[in-house]
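Novice: got a sequence here, can you build the structure:
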Amino acid sequence: MVITRRCTSLSTGESKGMTLDKLQGIVVPLMLVVGVVCSADADGPQFELVPAELIRQRDGLGNVLAKLRAGESVNIAYLGGSITAAPGWRVKTREWFSREFPNAEVQEIHAAIGGTGSDLGVFRVERDVLRHKPDLLFVEFAVNDGGASPQRIWQAMEGIVRQTWAADPHTDICFVYTYRVGYEADLQQGLCPRAASAMEMLADHYRIPSINFALKVVELHEAKKLVFQSDQPTEDGVVRFSKDGVHPLDEGHQIYADVAAEAVQRFGEDSVAIDHQPKLKTPFVANHWQAAKMVPIDAAMLSPEWKELPLESSLMKSFGSRMGTLWEATQPGSQMTFKFRGSTAKLYDLLGPDGGQVIITVDGQTREKPVARFDSYCTYHRIATLSLAEGLDPNEVHTVTVEIDPEQPDRQPVAFRLEDPEVELKSGKYQGTNIRVGQILVIGDIQ
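Specialist: Numbering: from 1, shown residues only. Sure, this is the predicted structure:
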């Protein structure tokens, strides 16, 4: 008997402000499989929560393992959120590869940005990963994609896969699923949480190996060997996984690294080198984002008030390596205008305490309200994306204009983070109508 439940709606919110991200040992009765099934669209795949398994080999990592065994130089890329950006499992696994294959030169491609999901990763994978010619790509977005719909996850994650293999069909890919508090509810039933389930369905289609770090965390908790979240040290023999329920402490990162090492060793038993190119013949979803790209802003798109930030500026030092050239405008009325043929356009920009708000016009239609480049986390500057247009006719040329509004956004949302908000919000730090932009993110082509 299969018990299913139809979902009438799915949250499409994002993991906002996070500076992030077959049940082994538990027998599921053969006569009873409990799952959750949700329709994507009439002609596309039907989403369902899928069984959780610690390690899924599928087609393995034969290409990169062959190079490692031969003592060749290997580039290992890590694309993800803050869990991967931290000097934890990313560093530990790269060090493990070096120890396990001492004759090989193992280089790391650090491509993780806190608080971001696959919907940004798909636009930046070429710049941050593929141009560095990876032999292996780990993709970690199961936490930061936790609020996204399965359809959106499929579009972005499939775009990452297809861009990677279009660039080099001998690059191996491995999906990894990290833990946050709340995921145990599904994992204790032997099921992957929603984001990981969507990714597993895609991984099955493309035969991509996967590692479920979150499952190991839950197993250890069930065995009373781990506490998910605590501000206080635990008793001997019990791992304190995290303080916040999301970001692992060193012991938590070590669990991830140990599971990754176990997986690679298991993959090594049967993995053979393979050309992934034939897998691109049949897409998983028709509207995948393989065409997603990052395009530098041309000065011709900007009104005269915009200035290119110098390399020695603090914002360029902090964000230039990810965002490229940063353009800044501070005066109301400053405009950016560009045309593109495609379905979707966004801006790769910065949020910050002095951020302004913008008026967005697409094909002559102006959005009803200005969009703030400021939120409740803006005690500092951080990378963000500004959605300009989605779901447009991909065969048409569209015109987009972004203009700085005369009013600055309401700063009260950040007040609860300040010691003396009445005074601090009047300081220069929280004044301004400043907009800083790095790249255009487009599914299609700039005209």
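
Novice: how about the residue nearest to residue 70 when sequence neighbours are not counted, what does it touch?
Specialist: Counting by C-beta to C-beta, 6 or more residues apart in numbering, residue 70 lies nearest to residue 104, which is 7.7 Å off, once chain neighbours are set aside. For every residue, glycine as well, the C-beta is placed using N, CA and C. Contacts for residue 104 (C-beta atoms under 8 Å, 6 or more residues apart in numbering) come out as 67, 68, 69, 70, 71, 72, 73, 74, 97, 98.

Novice: skip the chain neighbours and tell me the closest residue to the spatially most central residue of the chain.
Specialist: Taking C-alpha atoms, centre = their mean, the centroid of the chain lies closest to residue 117, which sits 2.5 Å from it. Nearest non-adjacent residue to residue 117, counting by C-beta to C-beta, 6+ apart: residue 144, 4.0 Å away.

Novice: try residue 113
Specialist: Per C-beta to C-beta, 6+ apart, closest to residue 113 is residue 383, 5.9 Å.

Novice: next one: residue 337
Specialist: residue 401 (4.7 Å).

Novice: okay, now that neighbour: neighbour count?
Specialist: 18 (other C-beta atoms under 10 Å).

Novice: same check, this time on residue 260
Specialist: Neighbours around residue 260, by other C-beta under 10 Å: 22.

Novice: contacting residues for it?
Specialist: Residue 260 is in contact with 89, 93, 96, 176, 211, 213, counting by C-beta under 8 Å, 6+ apart.

Novice: same question, residue 209
Specialist: By C-beta under 8 Å, 6+ apart, the neighbours of residue 209 are 55-61, 172-175, 203, 263, 267.

Novice: using the three-state scheme, assign residue 79.
Specialist: Per DSSP: H, G, I helix; E, B strand; the rest coil, the secondary structure class of residue 79 is strand.

Novice: no wait, residue 385
Specialist: Going by three-state DSSP: residue 385 is strand.

Novice: I'd say it and residue 344 touch.
Specialist: No - Residue 385 lies out of contact with residue 344 (C-beta atoms under 8 Å); the separation is 11.0 Å.

Novice: give the residues shared as contacts by those two.
Specialist: residue 441.

Novice: looking at these two, which one has more neighbours?
Specialist: Legend: neighbour count by other C-beta under 10 Å for residue 385 and residue 344, higher for residue 344 (22 against 19).

Novice: identify the bridge partners of the nearest residue to the more buried one once chain neighbours are set aside.
Specialist: Take residue 344 and drop its neighbours on the chain: the residue closest to it by C-beta to C-beta, 6+ apart is residue 443, 4.1 Å away. Residue 443 forms beta bridges with residue 292, residue 344, as assigned by DSSP bridges.

Novice: which of the contacts of residue 104 fall in helices?
Specialist: Under the assignment DSSP state H, the contacts of residue 104 contribute 67, 68, 69, 97, 98 to helices.

Novice: ChimeraX command for the buried members of the residues you listed?
Specialist: Buried subset of the ones in helices among the contacts of residue 104, written as a ChimeraX selection, criterion 16 or more other C-beta atoms under 10 Å:
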select :67,68,97,98
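
Novice: dump the ones in helices among the contacts of residue 104 to JSON lines, plus distance to residue 259 and pLDDT.
Specialist: Shown next, in JSON lines, are these (distance: C-beta to C-beta, whole Å; pLDDT from 0 to 100):
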{"residue": "67", "distance to residue 259": "23", "pLDDT": "97"}
{"residue": "68", "distance to residue 259": "19", "pLDDT": "97"}
{"residue": "69", "distance to residue 259": "22", "pLDDT": "96"}
{"residue": "97", "distance to residue 259": "14", "pLDDT": "98"}
{"residue": "98", "distance to residue 259": "18", "pLDDT": "98"}
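
Novice: distance check, residue 143 against residue 77.
Specialist: 19 Å (C-beta to C-beta, to the nearest Å).

Novice: and for residue 61?
Specialist: Counting by C-beta to C-beta, the gap from residue 61 to residue 77 is 13 Å.

Novice: common neighbours of these two, please.
Specialist: What both residue 61 and residue 77 touch, as defined by C-beta under 8 Å, 6+ apart, is the set residue 136.

Novice: which one's more surrounded, the two?
Specialist: Taking other C-beta under 10 Å, residue 61 and residue 77 do not tie; residue 77 has more neighbours (27 against 24).

Novice: my guess is the more buried one contacts residue 140, does it?
Specialist: No - between residue 77 and residue 140 there is no contact under C-beta under 8 Å: 11.0 Å.

Novice: domain-wise, how is the chain divided?
Specialist: 2-281, 292-446 (automatic domain parsing).

Novice: ok, and which of the ones you listed has the densest surroundings?
Specialist: domain 2-281 (a mean of 19; mean count of other C-beta atoms under 10 Å).

Novice: now residue 240: phi and psi?
Specialist: The phi and psi torsions at residue 240 (degrees, to the nearest 10) take the values phi -90, psi 100.
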